[in-house]
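Student: mind folding the following:
(2 chains)
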Protein chains: 2
Amino acid sequence: MKKIKVAVPATVANLVCGFDILGLALHEPCDIMELELINEPIINIKHTDDYGLPETVEENVAGVALQALIEAYEKPIGFNLTVHKNIKPGSGLGSSAAGSAGAVVAANHLLNNYFSKEDLVRFAMNGEKLATGVKHADNVAPCIYGGITLVRSAFPLDIISLASPDLYVTVVHPQLEVKTADARQILRKDVKLKDAIKQWGNIAGLVTGILKNDIPLISRSLEDVIIEPVRSILIPGFAILKDLCKEAGALGGGISGSGPSIFMLSENEFIAKQVEQEMIKVYSSMGIENKTYVTTINPNGVKFISSE
Amino acid sequence: MKKIKVAVPATVANLVCGFDILGLALHEPCDIMELELINEPIINIKHTDDYGLPETVEENVAGVALQALIEAYEKPIGFNLTVHKNIKPGSGLGSSAAGSAGAVVAANHLLNNYFSKEDLVRFAMNGEKLATGVKHADNVAPCIYGGITLVRSAFPLDIISLASPDLYVTVVHPQLEVKTADARQILRKDVKLKDAIKQWGNIAGLVTGILKNDIPLISRSLEDVIIEPVRSILIPGFAILKDLCKEAGALGGGISGSGPSIFMLSENEFIAKQVEQEMIKVYSSMGIENKTYVTTINPNGVKFISSE
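Tutor: Residues are numbered from 1 along each chain as shown, chains lettered A, B, ... in the order given. Alright, predicted model coming up:
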């Protein structure tokens, strides 16, 4: 096998109370990537979408991730990569993570799974470093492992695959710009101990709910008293939208990544679609263009479409 | 049935990174309590130990817990209570929680389980309020539910019974006085966000390890970067003791409750006893009297010994 085509899912990082540690993979949206293994030690990148992303290896998230993989491989190899991006850059849905994670998962398949999943996360983290300045793993981990993942520690890397509850996810991407760097800068460096205790109670509850498939417990634990009160200031309409979605039956939700996308979890498709209507209503009434998705948690991460 | 005898276990609260939320029940030490149901609306308390604890209802942790239970019951009732305490007050092993939790569990048995476990925790929290000034649930919950419990939230009360891993617990109680109030006062009101993130990664890891019975993950997650660095200052010998116990094979451990007792988890009895030897060595070399226990996690909490 020399060539492979994969679908690479969007991801939700900073899962409510699980800032910097919990993330999940979605079924939609997803990028389509075609990767060809070549014997020359070069990487050629071509984008077929209109996002105007750089195609130079050193400036491309997939490029630097593939470079890290090539350096760790035993023989000189190279790749031809074609990317069709559907996950909009800057949406808060793990667009850069999809680029770097998708490329290394596809490459590893062409190399007969020479590397472990943990290795792949390490390579893909180079893409995150390029995109955000920080080598974080909370989007690339669910993209590679699927389902809901815990990054217990980034250095040393310790990833635990939790589970993939049978839940619906409704996402709205209001067409606002929130820069990850701004979203990080706005955070306070210190937090109150009593808030931290509340947060870790909810994290422990959320993880327990996910592992025991206890949906009411998941719902009760979906509360973030530390990050959301600060970051939601950057997203107009956040508070009212969250209230309306919960009234419509959503289990809970919050900011996806560093925003501006907002996600909500629901028990079934009917509720998830009601939630979508509330999201559209809020942003349409504010005159803000928006794109919505009703999807489910993706248990597998990157999906192989075809190979030759 | 009018009379019951129960064994009420010691508990470890503030389970390393799980400050204020995670606790576990031990098999030893345990208090012995005898409770008799009477028709008069009075509570008589007698201690057969030498700790000199108050026997007036309003000043006794079991007294105030029973009072709360009586107020919630449909008919006027009262109790004769005899307590033989083996869990030393001020040891950090949930001595006051054992008093209040044991009394209400025994009472509920005499009332044909009229109340739920959650009700019993609420009644017992009155004893904690009397003993420490705070209505916390992280000792009474494992004492009543057994195993390892999560108090996701104290107000409103939300207790989740996690699991009871097959682990050994070695405990040392150095005969030092650490007042819970002092241990609370020494804590900083603010913590660094980056430390809080590290802590909640470990909490999520610990809970996952407990639920999946993943012992290496439990071990990796037994790290407290927020409370222990501050509180351990009050416990001479803590740092060296911890190092030696881990060298002897302990999975990890920390301060029990607010101290001065220290506990360590181990995979088997052989290691747990090696760990005990290290503990004795440290405190004996410092000339500090100490009492040690090698025990296991108690899956059931309060145990019924006999009834008539």
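Student: can you pull the residues of the stretch 201-308 of chain A lying near chain B?
Tutor: A:201-205, A:207-208, A:211-212, A:217, A:220-221, A:226 (Cβ under 8 Å from any Cβ of the partner chain). Bear in mind the C-beta positions are built from the backbone N, C-alpha and C, glycine included.
Student: excluding residues flanking it in the chain, which one is nearest A:Ala181?
Tutor: Excluding the flanking residues, the one nearest A:Ala181 by Cβ to Cβ, 6 or more residues apart in numbering or on different chains is A:Gly133, at 6.8 Å.
Student: isn't that neighbour right up against A:Lys179?
Tutor: No: in this structure, A:Gly133 is not within contact of A:Lys179 by Cβ atoms under 8 Å, at 10.9 Å.
Student: ok, now how distant is the nearest residue to A:Ile227 once chain neighbours are set aside from A:Asp138?
Tutor: Distances taken as Cβ to Cβ, 6+ apart put A:Phe19 closest to A:Ile227, at 4.7 Å, once the chain neighbours are dropped. Look at A:Phe19 and A:Asp138: by Cβ to Cβ, to the nearest Å, they are 9 Å apart.
Student: show me where the stretch 1-150 of chain A has its helices.
Tutor: Assigned by DSSP state H, counting those that start in this stretch, the stretch 1-150 of chain A shows helices spanning A:61-72, A:95-110, A:117-132, A:140-145.
Student: can I get those in TSV including mean neighbour count, mean pLDDT and distance to chain B?
Tutor: Below are those laid out as TSV (neighbours: other Cβ atoms under 10 Å in any protein chain shown; pLDDT from 0 to 100; distance: least, Cβ to the nearest Cβ, whole Å):
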stretch	mean neighbour count	mean pLDDT	distance to chain B
helix A:61-72	23	98	23
helix A:95-110	28	98	18
helix A:117-132	23	96	14
helix A:140-145	33	98	12
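Student: so the residue in the stretch 201-308 of chain A that chain B sits nearest to is in which element?
Tutor: Going by Cβ to the nearest Cβ, chain B is nearest to A:Gly205 of the stretch 201-308 of chain A, at 3.9 Å. Taking DSSP states H and E as the criterion, A:Gly205 maps to helix A:193-212.
Student: that helix to helix B:193-212, inter-axis angle?
Tutor: 30 degrees (axes from the mean of the first three to the mean of the last three Cα atoms, to 10 degrees).
Student: buried sites along the helix or strand that helix A:193-212 is followed by?
Tutor: Moving toward the C-terminus from helix A:193-212, the next helix or strand (DSSP H and E) is helix A:215-221. Residues A:Ile215, A:Leu217, A:Ile218, A:Ser219, A:Arg220, A:Ser221 are the ones in helix A:215-221 that count as buried (16 or more other Cβ atoms under 10 Å in any protein chain shown).
Student: now for these: which two are most distant?
Tutor: Farthest pair in the buried residues of helix A:215-221 (Cβ to Cβ) is A:Ile215 and A:Ser221. Separation: 10.8 Å.
Student: need the overlap of contacts for the two.
Tutor: Residues touching both A:Ile215 and A:Ser221 (Cβ atoms under 8 Å, 6 or more residues apart in numbering or on different chains) are A:Gly209.
Student: how far is stretch A:148-158 from where the chain is centred?
Tutor: Chain-centre distance of stretch A:148-158: 15 Å, with Cα atoms, centre = their mean, to the nearest Å.
Student: with only the CA atoms kept, save that stretch in CSV.
Tutor: This file holds the C-alpha atoms of stretch A:148-158, laid out as CSV (Å, rounded to 0.1, in the frame of the first residue of the first chain):
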residue,chain,number,x,y,z
ILE,A,148,-13.4,10.8,25.0
THR,A,149,-9.8,11.0,26.1
LEU,A,150,-8.0,12.2,29.2
VAL,A,151,-4.6,13.8,29.0
ARG,A,152,-3.6,13.2,32.6
SER,A,153,-0.3,14.8,31.9
ALA,A,154,1.3,16.4,28.8
PHE,A,155,4.9,16.2,30.1
PRO,A,156,5.5,13.3,30.5
LEU,A,157,2.7,12.4,28.1
ASP,A,158,0.0,10.2,29.7
